[in-house]
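Trainee: Can you look at this prediction? I've put the sequence above it.
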Amino acid sequence: MNLPLMGSVLGLMVVTAAGAQAQTLRVPVETFTLPNGLRVVVHEDHAVPLVAVNLWYHVGSGREVKGRSGFAHLFEHMLFQGSAHVGDDQHFAIVQEAGGTLNGSTNTDRTNYFELVPANFLETALWLESDRMGFLLQSLTQAKLDNQRDVVKNERRQNYENRPYGMTSIRLGELLYPAGHPYHWPTIGYPEDLTAASLQDVKDFFAHWYNPNNACLVVAGDVKAAAAKRLVTRYFADLPAGPKPEPLAPKPATLEADRRDVLEDRVTLPQLTLAWHTVPLWAPDDAALDVAAEVLAQGKTSRLHQRLVYHEQSAQTVSAFQVSRELAGNFQMSAQAREGFNLTQMESAILEEIARLGKDGPTDDELARAKNGAEARSVFGIQTVLGKADRINSYMSFRGRPDLFNEELENVRKVTAADVQRVVRTYLTRPRVSLSTVPNGKKELAAAATGVQP
Amino acid sequence: MRTVLILAVIAALAIVLVVFTANVGAAPKLDRNQRPTPGPVPPVVTPRIVRVTLSNGLPVWVVTRRELPLVDAVLQIRAGAAQDGAHPGIAAVTASLLDEGTSTRSSLEFAGAVDLLGANLSASGGIEQTSVSLLTLSRHLDAALGLMGEMVVHPAFKADELERERKARLQNLKQQKDVATTIADKVLNLVLYGEDHPYGHPVGGTTASIAAIARDDVAGFYDRYYRPNNAVLIVVGDVTAEVLAPKLEKAFAGWTAGTVPAEAATAPARPAAKPAAVYLVDKPNAAQSEIRIGQPGTSRTADPDYYALQVLNTTLGGQFTSRINLNLRERHGYTYGARSTWAFRRGDGPFVASGGVFTAKTDSSLVEFLRELQDIRGSRPITEKETEFARNGLLRGYPRRFETPDATAGVLAELALHGLPDGEIANYLAQIGRVKPEDVTRVAAKYLTPDQFAIVVVGDLATIRPGIEALNLGPITVLDADGKPVVAQ
């Protein structure tokens, strides 16, 4: 029997199964599809008079063609430059004068756009989103493209080139995925490709990917579902469908042998980054790999933190995480060696702990901590309507269903010690990338290959 | 991957349970040239703050919110880096050590207990306050509050944990010299306030001060400031004051009131005005230059100009559509984002305009920053339209500050820190609504004085120095990453 803890006026229902500790997450939604193929999800949450509008286009840097890396993200910037009925530079201004916030982001798999506005400005937000979905090109100019190209190059300088260890993630992708794989090149792009992007590229990309039938819209917050449906229909129904984008099948990658590389950077401490090919988002072993990451190197009580940071005091930081993406996944671990210690020691210790976890599995305590943490985070993570909307959109875009909150949590709850042991043995014994990022001129600090086997 | 610049100021509180009906009647034919008219403004309901005082004197403010089965609690202690005195960094170190072992649990045992609840529990030292923050599922509330009380009332401050903390912090202080943004922030504070001023030194201390901190210094700092009569506990979430009070009596039992040094509640003096000057820090081959232009601003507590300054900053550099960002990013493409902020403290916290700019455009960027800072003082004053735009955004954006328990607690903590009355919540809206263009121009001319700007640039000096020299902005001093003068070879 389920006991509702709160009334249905509230956005999220958390019900407690009698006799058990576990809570069930339910985010009630209404879903419909417009004739032009736009999928729409509405979630009512009347706690605060705010509404989130969250729009995903199922296109990311993985869809880019050779010589145009970074284009999906550069294109995202163009969507903030005004559209036919909105006016140049007005998109930001209208949302900010409404007291709202807005942004967009691009990753390998998708591009999202979102606004959080006072509830009485929902129609304004839908007008803005529909105008740039339908009427972007009419107001496009070379000057706008040139300006945003400069802005994006500055974004690259700020977040990659000028940031300590900032180039590591770019190099890691190049080492882990073969040339031609959609995850080989960085979402931020290469500078020469950004330079090469033309107005015609913008037009072609828009025509190919930015169509209602390649998008999913979530409206979440203080609005009645019927009203939201009426407004969405009003602003989006007359936008024409485009070509149906060809779906991408999962594209697992493999390494034939270990790949070792050294990157020099303006840093004080050397950092080791290891990566293995694993499984994509929502694959059966995804959750067990999350638990393995937590046991190995997330938080103070994790094995490698205890060993390297707490007891040996040889590392400044350690971390581990499963990177779950649409087409392929990988598992990354990283450690910074303190002065007087080296990356060879870091790599040996990491491999030893992987071997030990593969041999003995996690303890009951470790498993309980990982599961309780996942449960708490699943509630903490839905405190904002924008946070909920983005997760609903992720579920819709990658699984075609809106309310997988509980399934996602259940996937972690179901993980057994044997599962963790199995995924560690299966995936973390594969050939790996070992990338050392060392202070300029100190290649001797790079991790040397050792006999330690996971 | 875009920057959203949001106003770095929070001030008030509302909880609203209103069902909004969208403003749609019988739909006429859609004309996309017509921007939709917003529906009626949802009414703002001020929250009920229930106050209780524990038997040890700890004031507790409670706001009950039932949307989710979680509770957010923030214990704010009135002591931070401004109270570091002879030991820069001691407030931060003391806060860090609270959960590194208690009278009954080792550091790792304590961390394990927190993780088993899935709770977030941590302490951090700020500039004028130390915060111990808890976020927990409500069903673990008793255990989580128990742990929170344990770290606050019974920290062990073991010598080996202090050594561990010291080692990590010394290493981190070295690493901070890799980060241009951190260097720029630290150097600006130092040149604005000087190292002896409570706001002049880094919150995390210096290599020398961290190396010198002794266990007794930490215990002494704790004894002086960690007192229930020098703190407030703010709880927002799925619990009432009635249910909470006995739990808190238990969790904070044994914590006793004490005599807190008077300076903990006193505003630091404003530093003496200095003429405009340029400070450069070399970062060879840097792809960008980090620019900071600042001067001491004003205080939150005493200044009636606070509201006009909100409108000023919203227009100047407080959000994406501000003059500074539209100029440097959207017009010139020099940067990924540029902004301005005011740190409203008990004393006069800094005003800072900042951004990372393309190395080759460093001098041009300085010109544009300074143009915007100068123009808004009178030669290109804020317009009626800009004023209305800023006021609208501030007023309409008000409910966003209270979307989550954590955000709400943050707003209350601000009220508590500055001793502002509950009425400030409504007063803020009323005051912002009354700000006129001439008010904004007056405060811009009063608080932005270019002949006293400190200008800090961290970048590739071989490339950028000639261009900066040619601007004649003031005497140039080259500093190292610690803000110490570099002696010419």
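Mentor: Here it is on my side, so go on.

Trainee: C-alpha only now, for contacts and for neighbours.
Mentor: Fine.

Trainee: Show me chain A divided up by domain.
Mentor: A:30-237, A:259-445 (the TED database).

Trainee: Columns distance to chain B and mean pLDDT on top of those, output as a markdown table?
Mentor: What follows is the domains of chain A, written out as a markdown table (distance: least, CA to the nearest CA, whole Å; pLDDT from 0 to 100):
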| stretch | distance to chain B | mean pLDDT |
| --- | --- | --- |
| domain A:30-237 | 4 | 97 |
| domain A:259-445 | 4 | 97 |
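
Trainee: Dihedrals phi and psi, the residue positioned nearest the centre of chain A?
Mentor: Nearest to the mean C-alpha position of chain A, by CA atoms, centre = their mean, lies residue A:107 at 6.6 Å. Backbone torsions for residue A:107, taken as degrees, to the nearest 10, come to phi -130, psi -170.

Trainee: which residues touch it?
Mentor: A:60, A:61, A:73, A:187 (CA atoms under 8 Å, 6 or more residues apart in numbering or on different chains).

Trainee: And the strands in the chain, which stretches?
Mentor: With no chain named, the answer covers chain A. A:2-4, A:13-17, A:23-26, A:30-33, A:39-44, A:50-57, A:101-106, A:111-118, A:215-221, A:259-265, A:271-277, A:315-324, A:329-337, A:433-439 (DSSP state E).

Trainee: was after chain B, sorry
Mentor: B:50-53, B:59-64, B:70-77, B:120-125, B:130-137, B:231-237, B:277-282, B:288-296, B:335-342, B:350-358, B:454-459, B:476-479.

Trainee: Just give me how far the fifth one sits from the chain centre.
Mentor: Mean-position distance between strand B:130-137 and its chain equals 17 Å (CA atoms, centre = their mean, to the nearest Å).

Trainee: pLDDT on that strand, on average?
Mentor: Across strand B:130-137, the average pLDDT comes to 98.

Trainee: Show me what that strand is packed up against.
Mentor: helix A:364-380, strand B:70-77, helix B:90-97, strand B:120-125, helix B:141-153 (3 or more CA pairs under 8 Å, 6 or more residues apart in numbering or on different chains; DSSP states H and E).

Trainee: Specify the stretch among those that is closest to residue A:442.
Mentor: Closest to residue A:442 of those is helix B:90-97 (CA to CA; 32.3 Å).

Trainee: hang on, the earlier thing: the strands of chain B: which one's closest to residue B:33?
Mentor: Per CA to CA, nearest to residue B:33 of these: strand B:335-342, 30.3 Å.

Trainee: Does at least one residue of the closest one sit close to chain A?
Mentor: Yes. Counting by CA under 8 Å from any CA of the partner chain, chain A is contacted by strand B:335-342 at B:335, B:336.

Trainee: Sheet partners, orientation included, of that strand?
Mentor: Applying DSSP bridges, strand B:335-342 is found paired with strand B:350-358 (antiparallel).

Trainee: The closest residue to residue A:30 other than its chain neighbours bridge partners, please.
Mentor: Once flanking residues are discounted, residue A:30 sits nearest to residue A:42: 5.2 Å by CA to CA, 6 or more residues apart in numbering or on different chains. Counting by DSSP bridges, residue A:42 is bridged to residue A:30, residue A:219.

Trainee: Next, work out how far apart residue A:42 and residue A:398 are.
Mentor: Separation of residue A:42 from residue A:398 (CA to CA, to the nearest Å): 18 Å.

Trainee: neighbour count winner among the two?
Mentor: Remark: of residue A:42 and residue A:398, residue A:42 carries more neighbours, 27 against 16, as counted by other CA atoms under 10 Å in any protein chain shown.

Trainee: can you tell me which residues contact the residue nearest to residue A:30?
Mentor: Residues in contact with residue A:42 (CA under 8 Å, 6+ apart) are A:29, A:30, A:31, A:218, A:219, A:220, A:225, A:228, A:229.

Trainee: could you list every residue that touches residue A:438?
Mentor: Counted by CA under 8 Å, 6+ apart, residue A:438 has contacts A:262, A:263, A:264, A:265, A:267, A:269, A:270, A:271, A:445, A:446.

Trainee: Next, count neighbours for the closest residue to the first one other than its chain neighbours.
Mentor: Looking back up the chat, that one is residue A:262. Counting by CA to CA, 6+ apart, residue A:262 lies nearest to residue A:436, which is 4.7 Å off, once chain neighbours are set aside. Residue A:436 has 27 neighbouring residues, counting by other CA under 10 Å.

Trainee: same deal with residue B:302?
Mentor: 12.

Trainee: One more: residue A:66?
Mentor: Neighbours of residue A:66 using other CA under 10 Å come to 10.

Trainee: Residue B:350: which of the domains of chain A is closest?
Mentor: By CA to CA (comparing all of the domains of chain A), the closest turns out to be domain A:30-237, at 23.8 Å.

Trainee: circling back: any chance of the contacts of residue A:438 in CSV, plus distance to residue B:261?
Mentor: Shown next, in CSV, are these (distance: CA to CA, whole Å):
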residue, distance to residue B:261
A:262, 54
A:263, 52
A:264, 50
A:265, 47
A:267, 42
A:269, 41
A:270, 44
A:271, 44
A:445, 50
A:446, 51
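
Trainee: Can you select the buried ones from these in ChimeraX?
Mentor: Buried residues among those (16 or more other CA atoms under 10 Å in any protein chain shown), as a ChimeraX selection:
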select /A:262,263,264,265,267,269,270,271,445,446
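
Trainee: which one among the contacts of residue A:438 gets closest to residue B:405?
Mentor: residue A:271 (37.3 Å).
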